[in-house]
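Trainee: any chance you could fold what I've pasted below:
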Amino acid sequence: MDQIMKYTLDFMEEIVNIPSPGGFTDESMERIDKEFKDLGFETSMSNKKSLYVKVDGQDKENHKLVVGHVDTLGAIIKEVKPNGRLLLAQIGGFSWNSLEGENVIIHCDDGKRITGSIMPVKSSIHIDSEEVRTMLRTDETVEVRIDEFTNSKEETLALGIDVGDFVSFEPRFMITENGFIKTRHIDDKSAVAIILGMCKYIKENNITPKYTIHFNISNYEEIGHGVAYLPEKTDEIIAIDIGPVGPRQKCTETAVCICAKDSRTPYDYGFRKKLAEICKEKEIEYVVDVYNRYGSDASIGVLQGLDANFACVGPGVDSTHHYERTHVRAVENTMKLLIEYLV
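Mentor: A predicted model of the protein is given here:
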């Protein structure tokens, strides 16, 4: 398992560093598609560019869909301001406070990438005094300072930057000596890496899984329309997503977290109980918890009318939708649970 975990964490770092805000995921999907094929799996893509891999199992009548999403938080240019800076519209749900001072990449339509930083419109204590501390950070009071010589709308447009260009956030990935993983976009690049790690485990050990599995990398979860297609004979959806760690939550940064209810719906009681029983039997560290302001590919999918039983599991993550942190043990415990259930 040590080699599989090393592969999983290495791929997680690589995929975290490929920008993929919702609506701008082609590059990351191409890299994931190549990785599946390098491991020896055939891939297919939906009309909405969601990636699927089918792994035949012993049970060919009760298929399982395992999904993780590659799309992340990000932004899109709403306006090029008269001062040459950029007004942004959010992709996904987050607070501007979580991004103050963060470096970004502006993805121009011609393929050019230009760097910048997210700054409040009043940022210097020497100039704006107490307003720097008291001003609310909103769509109107935050802007992108571009790393080019531009002080007007015309100069910015001349750089090739315009309304509709995507903006991605620097992830700042690192793993500490004691195993903490710190980066933006653990939600949900950790799930993508776990899925690839499972596929590598299946391939290298020449395993025929217990069930026929459809692995799915979705690309619009943060916006709310990730899984729209259910492969034939699929009776269960398992979304791999993050478990929020914080006050009044049971989730921890070392456990696999099993969601009992999110802000949209309770998850199936029997399904999540079955997953918890596996954790108890195999001594996998786990918790069952209820999440606020949260939805997964599984809950969103069934609300859209997909007829399948559904569950959500994943590593516990601190400061979700901010500069996130988990531990390698949580990633490993999530993979162990899924391997025990599916493989």
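
Trainee: helix, strand or coil: sort out Val66 for me.
Mentor: Three-state assignment for Val66 (DSSP: H, G, I helix; E, B strand; the rest coil): strand.

Trainee: shouldn't it be in contact with Ile238?
Mentor: Yes: using CB atoms under 8 Å, Val66 is in contact with Ile238, at 5.1 Å. Just so you know, the C-beta spots here come from the backbone N, C-alpha and C atoms, and that holds for glycine as well.

Trainee: which residues do these two both contact?
Mentor: Common neighbours of Val66 and Ile238, using CB atoms under 8 Å, 6 or more residues apart in numbering, are Leu338.

Trainee: how far does the longest helix seen in the chain sit from its chain's centre?
Mentor: The longest helix of the chain (DSSP state H) is helix 186-204. In this view, helix 186-204 has its centroid 13 Å away from the chain centroid, taken as CA atoms, centre = their mean, to the nearest Å.

Trainee: what residues does whichever helix or strand comes after it touch?
Mentor: The first helix or strand that comes after helix 186-204 along the chain, using DSSP states H and E, is strand 211-218. For strand 211-218, contacts defined as CB under 8 Å, 6+ apart pick out 29, 32, 50-60, 62-71, 192, 195, 198-199, 226-227, 231, 233-234, 297, 342.

Trainee: and if we set it to 7 Å?
Mentor: For strand 211-218, contacts defined as CB atoms under 7 Å, 6 or more residues apart in numbering pick out 29, 32, 50-57, 59-60, 62-70, 192, 195, 199, 226-227, 231, 234, 297, 342.

Trainee: stretch 259-279 now?
Mentor: Outside stretch 259-279, the residues touching it (CB under 7 Å, 6+ apart) are 236, 256, 258, 286, 288-296, 299, 302-303, 309-313, 337, 340-341.

Trainee: and it, how far from the chain's centre?
Mentor: For stretch 259-279, the distance to the chain centre is 20 Å (CA atoms, centre = their mean).

Trainee: list the buried residues of it.
Mentor: For stretch 259-279, the neighbour count (16 or more other CB atoms under 10 Å) marks 259-262, 264, 267-268, 271-272, 275-276, 278-279 as buried.

Trainee: again, but for stretch 144-161
Mentor: For stretch 144-161, the neighbour count (16+ other CB under 10 Å) marks 144-146, 150, 156, 159, 161 as buried.

Trainee: possible to save those residues as a markdown table with distance to Met174, secondary structure and pLDDT?
Mentor: A markdown table is the format used below for these (distance: CB to CB, whole Å; DSSP: H, G, I helix; E, B strand; the rest coil; pLDDT from 0 to 100):
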| residue | distance to Met174 | secondary structure | pLDDT |
| --- | --- | --- | --- |
| Val144 | 24 | strand | 98 |
| Arg145 | 25 | strand | 98 |
| Ile146 | 27 | strand | 98 |
| Thr150 | 32 | coil | 97 |
| Thr156 | 33 | helix | 98 |
| Leu159 | 31 | coil | 98 |
| Ile161 | 30 | coil | 98 |
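
Trainee: farthest pair within these?
Mentor: Greatest spacing in those, by CB to CB: Arg145 and Leu159 (13.4 Å).

Trainee: distance of Asp26 from Asp71?
Mentor: As judged by CB to CB, to the nearest Å, Asp26 and Asp71 stand 11 Å apart.

Trainee: just Ala228 next, same as before
Mentor: When Ala228 is compared with Asp71 (using CB to CB), they lie 14 Å apart.

Trainee: which one's more surrounded, the two?
Mentor: Counted by other CB atoms under 10 Å, Ala228 and Asp71 do not tie: Asp71 has more neighbours, with 27 against 17.

Trainee: you'd agree that one is up against Gly22?
Mentor: Yes: assessed by CB atoms under 7 Å, Asp71 is found in contact with Gly22 at 4.0 Å.

Trainee: hang on, the earlier thing: just the buried residues of the contacts of stretch 259-279.
Mentor: 236, 256, 258, 286, 288-291, 294-296, 299, 302, 309-313, 337, 341.
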